[in-house]
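Participant: Here is a sequence with its predicted model. Questions after.
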Amino acid sequence: MNPQRIESIEIPERLAELLSRFGRAQWRGLIKRRLAMGVLLIWAVFMACCVVERLQAIPALVRAVILIGIVCVALFQLLQILIWPLRHRGLMALASRFAQDQHDSQHADFADRLFGAIELSQNPRELARSKDLCQASLHRLDQQAGPLDDRLFDDSSPSIWRRGLVAFLLGSLLCIAAMPAACWNTTQRVLLPWHSIERYTFVAKPSLPAIVHVPVGETSSWSLQLPSGGRWIPATATLAGEDWSQSAELVTGGDEQLAGRYPFEIPGLQQPSELTVRVGDLQITQRFSPASRPVLKSLDAEVCLPNYLQLADQDPCLKTTIDDGVFALVKGASASVLATFSKPLSHATVNGKTIAVTGDRLEIPVDGQDEILVDWVDELGIAVAEPLLITVDRFDDRLPALQVTHDPIDQRVLDSQPLEFRLLAEDDFRVREVTLHWRSADQKGQRVLGPAQRLTVTSLSNDQPVRLPLQAVFQASAMHAPNGLVELQFSIADDHPEHHPVFSQPIELQVLSANDHAIWLSNQLERWQQSALDLRDQELQLFQRNQTLYSQPADRRDADWAEQVFRQAREETINARQLRQVAAEGKRLLQMAARNQRVEVQELETLATSVSALSKMANQQMPEVSKLLKQAADLADASLAAAMLPAADPSADADIAKDRTKPGDTDNESPFQAAADTETTQGDLKPGQGSAETNANAETNATASSSDGSKPRLGLLSTNVVDTSGRKVKPTAPSKAEGQQQVDQALAEAIERHTELVAQFDEVADQLKALLGNLEDSTLVKRLKSVSRMQNRLSVQLSHQMERRFAQPADQSDAEVEPLVQQVAEASRKVGLVMDDLDAFCERRDVPHFAHVLAEMKASLVTQKLSQLEKDVVDRPGLAFSAAEYWADTLDRWADDLVLPGEQQEPSNSTLKNPKSLSPKILLELMRILESEVNLRTQTRIAQQGKQAMEPNDYMAEAIRLSETQDLLRDRMDVVIDTLIAVPEGQVHFRGEIDLLGFASDAMVDATKTLVQPETGPPAIAAQTEAIELLLRSNKVNPDTSGNSRQGSQGGTTDQAALTLLAEGLNEKAMQRDSETLLSTGGQNHRVPQVIQFGLQEYYQRLDQRRRPEPSSPSNQEASQ
């Protein structure tokens, strides 16, 4: 720097140099200080940022402010360095700065004088006043500046900044060495605040989802797991919300799922929230959003059936719904569970093992486990509250069960009598076969009953077993079962390969031929007759005691006498009850006898007349006698009470009668006793069975009929239904007249009625005695005729053998001879039985011609000779042939000798009470045809229900057998038609019956053709139903008339007791009630009968196809309908 001149005063060069060196030294020091200050300040800020960043992340805005502050500090320091030379350009500025710098040093005086001298030299006014003085002062100062050391101008402060820089460098090195990543991360974050640079932490930051979903409104668990690469794993972590916080410790052992995690319990959230997680120097803000849990919508199981339950045309797998987490599974079946959820799933586990999921569906295979524990998590990460437990209930396929019910079966059954059984087959899944088995001593057979088709399995559990109702009919003749003891059993089998058929309890039957059944029936009738005779004896004793009581004088008729009369009335009631039972048993025997074609119509009529008489006595006469006796006892009590207590209460009589009245003593034992039949298969209601008005009208019409000489006409069967739609309410019976009846009059009337009762009892006893004799006679004759025919067949067979083997070696095989020997042995056995029965009959009754035949049979040694014939058949067939012919003729002659001349003459149609009536024999045959047709229809239905279970050949054979049976019934129907045509004037009197039976015969022909196809379904059943409906028609009758309201060929009442009893309806005790139902079939009403239950459409079609021109007469019109 050159010395300057201040106007006229020149600054010494030494002083100028001195200030110049001082200025340069000061500027250098300033530069050092400013640089050191800026670096230290920036380093302090950096260290502060490092410390703060370890605790929490500095926001980007704060980091931007820090960066701006650092830049400003640097610029400020640079500006200070640049401005300082500008501020100290003159000597005056340098002198002032020098004076300030040396203020506290030993050169302070020099520096002050130098500043004052330069200041004066720069002041013109001072120069003007004392220029020399200023110059002298400068000169003197120049001299004094000579010995000054250069160190005077060195800045002492830079050493401090140098130490600061050294400390900065050492601190930086230590910081960088200790945490290079943190230092570099802080540097980046501070210098680049606008970049998204993650804050470095010693705790490794885990990878967390943007949103964690938790169950809405529920306390949920959430855990935090740190990555393994972190330099620090704190022991605790903190989770904080707006007004709550919780700490969690690091799990180091125990639960494997929580190991290395910090478990937290998040309180129930109702709306999305952001929670702060702090772990060491790591702070995370995690967003939690509440959502509903994934729930189970449906749970189904797909079960594949075992092989033995599968069908070719059925899907082997079935679906079912699982309720309560439990489903049943039969052993041998495979299954899978299909679960549907409310949300799509992310993953699921089954018994701890991960399983694949498909959206909101989960398929779980069921292998061998009995319990399945299912846990699932949806796509939001929310797990189910509780795992689902599915229990597999494995069960065994149980044995099938069979329930057999039937109506009471008689001790002995005819070989042609069908027995109906109702079966209920039950199995867990499917009934394969139900079979009827019969077994005799040496034979056995079976018949498959069903099911009609192999049903598909629809249930997968055994809680609701399959129940299959079936019908079965056993008819010995149809199943070729022999006569004798036959055991019936039903079996059921299912599809399980290890299950054997299950059999029902055996049913033992004694199957009898028509002849044997007639013999057994005769014995039953004999016991029944004895029961009736015993009751007659009791009635005679009661009659004698009544006469004794009646004969006592009036003064001896005290209270004891009245009590005896009352006991007589009670015993009469008891006898009436027992007689009703005897009559019911007689009716049952009558029905059994009607099934046997060996029993003649006259015998049935005699038995029916006796049964009707006994029923009338039990239901009318005996109760009337009891009522009169009780009335006499009550009158006697009243008389005694009036005599002893004239002023007594009149109710005393009623009290005495009330004390004697006991349950069961009155005539009206049942509220149904007075109910009339509302349906009967006979033409009309009989007198006494309907209401009082009905009986009165019937008697009026009968009187009118008899007055004009006409008699009731007996026509075809029909079904009458009482028309109750217009019935009036019966008026209340008038009260009994006041006053006291004389005891003698009541007893006299009781004795009179009792006398008639005893006389009728004697008449019935005589009828039964004659009936048993005729039955015994008829039975023995038929049995001998049967053995005679056997001998005749034997002779024919022996004749054929002799012709075939004449002049041939005698090498007969056992197969040819054995059947002949068995025939002779059977004939010998039957003849022996006939002789025993004939001997017993002769001991009981003295019948001369019976005794003569018995003596002749004993004298001929017939049984011994027939035993010898067994040997002659083998050894001497020629002699056996002659003996067989001889015994055939002899047995036939003995049978004829048992019958007196004229016994077998049947009454002609002229002997009937009405020549326009059908013969009872014809009507009985029609009833038997009708019953056989109904049974045949039942057998057809049974064949249809077992069609699928039967072998094709067996089904074909059964259908052919049914068609043959149907054809035989049609033949019998044609015989009846021919018989009606052959009757004199039959075309006139029985035109309607002949046409109607012709239509029924045509329907039977259609049924035969249908069955032989083979077809046992609705077409065949419809044809049979048509025949049945034509044979048995329904009409509505008015109970307030005499019963002759029917039109056509149907007549009024019948005088044949057998037909009356056999054709009675099944609802004998049905209550009559008001009804609006209209029913008339076979008349002019075109309504369809309600009895048709099967094949109805086919039935209508057949009627339309078979419609013929309507006849002109009312009977033909009715028959066509």
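Facilitator: Arrived safely, thanks for sending. On a predicted model such as this, the values are computed, not experimentally measured, just so you know.

Participant: quick one: low-confidence ranges for the stretch 1001-1121 of the chain?
Facilitator: 1032-1121 (pLDDT under 70).

Participant: Mind checking the pLDDT average for the helix or strand containing Leu15?
Facilitator: Element membership for Leu15, per DSSP states H and E: helix 13-55. Averaging pLDDT along helix 13-55 gives 79.

Participant: and if you look at stretch 352-362?
Facilitator: Averaging pLDDT along stretch 352-362 yields 88.

Participant: Tell me the buried residues in that stretch?
Facilitator: Val357, Asp360, Leu362 (16 or more other Cβ atoms under 10 Å). Heads up, the C-betas are built off the backbone N, CA and C, glycines and all.

Participant: And stretch 40-51, by the same measure?
Facilitator: Across stretch 40-51, burial judged by 16+ other Cβ under 10 Å covers Leu40, Leu41, Ile42, Trp43, Val45, Phe46, Met47, Cys49, Cys50.

Participant: Could you dump those residues into TSV with distance to Tyr262 added?
Facilitator: Formatted as TSV, the buried residues of stretch 40-51 follow (distance: Cβ to Cβ, whole Å):
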residue	distance to Tyr262
Leu40	41
Leu41	40
Ile42	38
Trp43	36
Val45	34
Phe46	32
Met47	31
Cys49	28
Cys50	26
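
Participant: Closest one of these to Ala441?
Facilitator: Cys50 (116.1 Å; Cβ to Cβ).

Participant: What is the neighbour count of Pro59?
Facilitator: Each residue near Pro59 was counted by other Cβ atoms under 10 Å, and the total is 10.

Participant: Check it and give its pLDDT.
Facilitator: Predicted confidence (pLDDT) for Pro59: 84.

Participant: any idea how far it is from Glu53?
Facilitator: Per Cβ to Cβ, to the nearest Å, Pro59 is found 11 Å from Glu53.

Participant: swap in Ala633?
Facilitator: Ala633 is 128 Å from Glu53, by Cβ to Cβ.

Participant: Neighbour count: these two, which is higher?
Facilitator: Applying other Cβ under 10 Å to Ala633 and Glu53 shows that Ala633 carries more neighbours, namely 27 against 21.

Participant: Spit out the contact partners of the more buried one.
Facilitator: Contact partners of Ala633, counting by Cβ atoms under 8 Å, 6 or more residues apart in numbering, are Ala562, Glu563, Val565, Phe566, Ala569, Arg660.

Participant: so which helix or strand takes in it?
Facilitator: Residue-wise, Ala633 maps onto helix 622-644 under DSSP H and E.

Participant: same check, this time on Asp300
Facilitator: Using DSSP H and E, Asp300 maps to strand 296-304.

Participant: Just want the phi and psi numbers for Phe341.
Facilitator: Backbone geometry at Phe341, expressed as degrees, to the nearest 10, gives phi -120, psi 170.

Participant: wouldn't Phe115 be in contact with Ser96 here?
Facilitator: Yes - here Phe115 reaches Ser96: they are 5.8 Å apart, a contact under Cβ atoms under 8 Å.

Participant: Neighbour count for these two, which is higher?
Facilitator: Of the pair Phe115 and Ser96, Phe115 is the one with more neighbours under other Cβ under 10 Å, namely 21 against 16.

Participant: Identify the residues contacting Ile390.
Facilitator: Shown in contact with Ile390 (Cβ under 8 Å, 6+ apart): Leu299, Ile322, Gly325, Val326, Phe327, Val337, Ile364, Glu371, Ile372, Leu373, Val374.
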